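Participant: return a 3D structure for these sequence lines:
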Amino acid sequence: MTDKTKDFKSILLLRVFAVVLTVVFIVLIAFVFSTLEKYYSRLDTAGDDDYAYRSNGRPEYLVDGKWYIGKENVETFLLIGIDKYEAAIQNKDGYRNSQQSDALFLLAIDHDSKSYSIIHINRDTLANIRMLDLNGNPYNTFEGQLAISHTYGSGREDSCENTVWSVSDYLYGLQIDHYASISMDAVAVLNDKIGGVTLTVLDDMTNVDEQLVEGASVTLTGEHALHYVRARKGLADSTNVERMKRQKQYVAAFIEQAKASLQENSALAPDILLSISEYLVSDMRAEDLLSITDVIQNYRFDGVQTIEGEARKGEQYMEFRADEAPLKELILRMFYEPKSK
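Facilitator: Numbers count the residues shown, from 1 in each chain. Below you'll find the model as predicted:
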């Protein structure tokens with residue numbers, strides 16, 4: 001074999017080796033990025049130094065140069081108030097329905113501190129909404145009112161799951177453990193089961209209900225309770241922001257009354273659950289739902305939290321945009337704790 005032949009073979013081997021090495025390097029880089037993608041995700045509205053990392057089910061966030069880790073024993077329940085009754089009790093097939101979520105409350109239970117609180121979410125919030133195809137599978141997203149996320153699906157579990165997805169996405173990927181949707185018509189039933197709710201009327205609502213005189217102290221019963229938390233049309237201020245103030249007030253008063261009533265009557269909790277069963281759609285078992293009444297009785301209530309932001313008339317409907325900094329601070333405070341080194 002001549003020297004030229006040897007040199008040619010050596011060069012050929014080197015080139016083959018270089019190609020193989022390049023392919024291995026590309027595959028390795030792809031694997032690394034694929035692996036990192038499973039653990040790291042940038043917060044959609046975060047700054048350049050804000051990253052998220054998930055390990056063993058506990059998310060970790062680097063926010064403004066400081067690490068936070070998800071609290072271990074916090075459970076979340078999304079409570080969805082539906083504006084229509086008839087579809088809520090029918091197991092319809094299909095990928096669209098006429099239900100919208102008029103009220104959204106995220107219940108957060110901290111089992112370590114034996115406390116719970118609620119985040120009140122504006123139905124007009126601009127959020128990412130998943131569109132479903134004829135088979136009920138997500139195929140695209142668009143920005144719209146959070147309330148309409150529930151219209152995609154049959155109006156039952158799939159619609160609830162679609163709403164859960166939108167709320168979770170809106171709250172920086174926060175894990176939501178359970179959901180329960182209930183028709184707003186059930187408010188009167190729940191209200192009367194605990195003996196009525198006493199509060200001071202915030203607005204002049206006499207155009208809707210003669211009993212609802214601004215500044216009057218009333219014990220709401222039956223349809224009066226439903227009017228108080230649901231009505232908007234015919235009021236001086238018909239915005240959802242104003243209605244949310246009444247809803248927040250009512251929920252706090254309801255919890256206090258429910259706590260007192262449950263302590264007086266140990267059989268009340270299953271009776272309440274049975275009375276609203278036809279209005280209810282949930283991924284929870286009866287015993288899980290009943291456990292919430294135990295929390296109400298035995299845990300400290302830290303109040304209803306609202307999300308700061310701006311509501312304005314858009315091209316088609318009202319739009320609410322959250323102030324990102326306060327929202328991020330609220331999520332970190334409720335669901336995370338500083339990570340110890």
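
Participant: how about stretch 110-119: buried residues?
Facilitator: 110, 116-119 (16 or more other C-beta atoms under 10 Å). Every residue, glycine included, has its C-beta placed from N, CA and C.

Participant: secondary structure added to these, as CSV?
Facilitator: Below are the buried residues of stretch 110-119 laid out as CSV (DSSP: H, G, I helix; E, B strand; the rest coil):
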residue, secondary structure
110, strand
116, strand
117, strand
118, strand
119, strand
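
Participant: out of those, which comes closest to residue 304?
Facilitator: residue 118 (4.7 Å; C-beta to C-beta).

Participant: go ahead and confirm that closest one touches residue 105.
Facilitator: Yes - proximity of residue 118 to residue 105 meets the contact threshold set by C-beta atoms under 8 Å, at 5.1 Å.

Participant: quick check: neighbours shared by these two?
Facilitator: Counting by C-beta atoms under 8 Å, 6 or more residues apart in numbering, the common neighbours of residue 118 and residue 105 are 251, 304.

Participant: so where does residue 326 fall, helix or strand?
Facilitator: Using DSSP states H and E, residue 326 maps to helix 324-335.

Participant: which outside residues touch that helix?
Facilitator: 43, 45-46, 61, 63, 68, 70-71, 74, 76, 108, 117, 119, 171-172, 174, 305, 307-309.

Participant: what mean pLDDT would you report for that helix?
Facilitator: Here helix 324-335 scores 93 as its mean pLDDT.

Participant: picking that back up, of the contacts of helix 324-335, buried ones?
Facilitator: For the contacts of helix 324-335, buried by 16+ other C-beta under 10 Å: 43, 46, 61, 63, 68, 70-71, 74, 76, 108, 117, 119, 171-172, 174, 305, 307, 309.

Participant: any idea which element residue 168 lies in?
Facilitator: Per DSSP H and E: helix 157-170 holds residue 168.

Participant: how about residue 245, nearest residue that isn't a chain neighbour?
Facilitator: Nearest residue to residue 245, sequence neighbours excluded (C-beta to C-beta, 6 or more residues apart in numbering): residue 202, at 6.1 Å.

Participant: mind checking the SS state of the one you found?
Facilitator: coil.

Participant: and it, what pLDDT?
Facilitator: With respect to pLDDT, residue 202 has a value of 95.

Participant: ok, now the one 5 residues further on?
Facilitator: The model reports residue 207 with a pLDDT of 93.

Participant: separation between residue 268 and residue 105?
Facilitator: Residue 268 sits 21 Å away from residue 105, going by C-beta to C-beta, to the nearest Å.

Participant: what's the burial count for residue 215?
Facilitator: 9 (other C-beta atoms under 10 Å).

Participant: quick one: mean pLDDT for the host helix or strand of residue 192?
Facilitator: Residue 192 belongs to helix 186-193 when assigned by DSSP H and E. The predicted model assigns helix 186-193 a mean pLDDT of 94.

Participant: repeat for stretch 160-174
Facilitator: 94.

Participant: can you give the distance of that stretch from its chain's centre?
Facilitator: 5 Å (C-alpha atoms, centre = their mean, to the nearest Å).

Participant: quick one on the thing from earlier: buried residues in the helix holding residue 192?
Facilitator: The neighbour-count check on helix 186-193 (16+ other C-beta under 10 Å) flags 186-191, 193 as buried.

Participant: just checking, what packs against that helix?
Facilitator: Applying 3 or more C-beta pairs under 8 Å, 6 or more residues apart in numbering; DSSP states H and E, one finds that helix 186-193 makes contact with helix 222-230, helix 240-264, helix 268-276.

Participant: point out the most buried one among the ones you listed.
Facilitator: Greatest average neighbour count among the helices and strands packed on helix 186-193 goes to helix 222-230 (a mean of 20), per mean count of other C-beta atoms under 10 Å.

Participant: relative to helix 240-264, how tilted is that helix?
Facilitator: Calculated by axes from the mean of the first three to the mean of the last three C-alpha atoms, to 10 degrees, helix 222-230 forms an angle of 130 degrees with helix 240-264.

Participant: counting by contacts, list what helix 222-230 packs against.
Facilitator: Using 3+ C-beta pairs under 8 Å, 6+ apart: helix 222-230 touches helix 186-193, helix 240-264.

Participant: relative to residue 321, which of these is closest?
Facilitator: Where these are weighed against each other on C-beta to C-beta, the nearest is helix 240-264, at 12.3 Å.

Participant: out of the helices and strands packed on helix 186-193, which is closest to residue 123?
Facilitator: When the helices and strands packed on helix 186-193 are compared for distance to residue 123 using C-beta to C-beta, the nearest one is helix 240-264, at 5.9 Å.
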